[in-house]
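S.K.: Compute the structure for the input listed below.
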Amino acid sequence: MMPTVLLILILVFGVAALFWIILRNSAEKIAAQYGMLADNFGLELNLPKPAMGGFVRSEPSVYGRHESREVSISAPGKGLQNTRQIETVLKVELKERELAAQLTGTGLLGGFRQRDSRGMDRWKSGEAAFDAAVDVRTNDTALLDRLIDLKIQESLVTLLKKAKGSIYIGGGVIAYAELGLIADDARRERFESVLALFLRLAQTIESSSLKMD
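M.R.: Numbers count the residues shown, from 1 in each chain. This is a model prediction of the structure:
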C-alpha cells in the first residue's frame with residue numbers, strides 16, 4: 001500500500017513541477033517581449049509579481065505616451081465573447097471622438113468578434129477582394145471613403161484575416177485585439193506594425209475631421 005501511495009505522490013509532485021516550469025518559461029518569454037516593446041516605444045513596463053508560489057502569473061503590460069498619444073498593450077482578463085480565449089489588446093489615443101467603426105474578418109469567426117455594431121452601416125471599398133475578406137461597420141462611411149486607401153486595405157486584410165485580429169474605433173480610442181499572447185518576435189513585430197499604422201490613422205482621422213468642420 002505505501003509504495004503505491006508514494007508513487008502517486010511522486011507523480012503528482014512531478015506533474016506540478018513540470019507545470020510550474022512550463023508556466024515560468026512561458027512567462028519569461030512574454031515578459032521579454034513586453035520589455036522590448038517598452039524599450040522600443042519608450043513605454044512603462046508593468047510586470048506583476050507571481051502568486052501562489054508561481055502557479056498564478058498575471059500578464060505584463062506596457063503603458064505610456066508615444067508621439068504625444070497615450071498607448072497601451074495588455075491582455076485583459078476576459079476573452080473572445082467571454083470565453084477563456086485570451087486576447088491581447090493594443091490601444092492608441094484618438095482625439096476625434098465622434099467616429100465609431102468596427103473591422104473584422106468576414107465569416108463565422110469574424111462574426112463572433114463583432115461587438116456593438118448594431119445600427120452601424122456596412123462600409124464597402126468597391127474592391128471585391130477586400131470587401132470579401134473584411135467586414136467594416138461604421139457610423140461615418142464618408143470618412144472611411146477618404147481614410148482607407150488601397151495600401152491600408154492590404155494591411156487590414158493581413159491583420160484581420162491572416163492574423164485573425166479585430167479593430168475597434170470609438171470613444172477616443174483605436175484598438176486592435178488579437179487572440180493569444182505576445183510570446184515571440186513575430187507577434188511582437190506585428191503589434192509594432194499595428195501601432196505604427198494606428199499612429200498614422202489617428203493623424204489622418206483627426207485631420208479629415210478638422211477639414212469637415
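
S.K.: ok, now how distant is the closest residue to residue 58 other than its chain neighbours from residue 59?
M.R.: For residue 58, ignoring the flanking residues on the chain, the nearest one in space by C-beta to C-beta, 6 or more residues apart in numbering is residue 48 at 3.9 Å. C-betas here are computed from N, CA, C, even on glycine. Relative to residue 59, residue 48 is positioned 8 Å away (C-beta to C-beta, to the nearest Å).

S.K.: The two: which has the busier surroundings?
M.R.: residue 59 (19 against 13; other C-beta atoms under 10 Å).

S.K.: so what pLDDT did the residue lying closest to that one once chain neighbours are set aside get?
M.R.: Spatial nearest neighbour of residue 59, chain neighbours left out: residue 75 (4.0 Å); criterion: C-beta to C-beta, 6+ apart. Here the pLDDT value assigned to residue 75 is 90.

S.K.: Report the contact partners of residue 75.
M.R.: Shown in contact with residue 75 (C-beta atoms under 8 Å, 6 or more residues apart in numbering): 59, 61, 86-89, 181.

S.K.: likewise residue 182?
M.R.: Contacts of residue 182 (C-beta under 8 Å, 6+ apart): 30, 33-34, 37, 73, 88, 188, 191.

S.K.: ok, for residue 194, nearest residue in space, not its chain neighbours?
M.R.: Nearest non-adjacent residue to residue 194, counting by C-beta to C-beta, 6+ apart: residue 176, 4.8 Å away.

S.K.: In three-state terms, label the residue nearest to residue 58 for me.
M.R.: What DSSP: H, G, I helix; E, B strand; the rest coil gives for residue 48 is coil.

S.K.: Residue 174 now?
M.R.: Three-state call for residue 174 (three-state DSSP): strand.

S.K.: hang on, isn't it packed against residue 91?
M.R.: Yes - at 7.3 Å, residue 174 and residue 91 qualify as touching, with contact defined as C-beta atoms under 8 Å.

S.K.: ok, the two, which is more surrounded?
M.R.: residue 174 (25 against 21).

S.K.: For this protein, which segments count as helices?
M.R.: For the chain, the helices defined by DSSP state H occupy 2-41, 108-113, 128-133, 141-147, 150-157, 185-212.

S.K.: between those helices, which gets the lowest average pLDDT?
M.R.: When I compare the helices of the chain, helix 108-113 is least confident, with a mean of 54.
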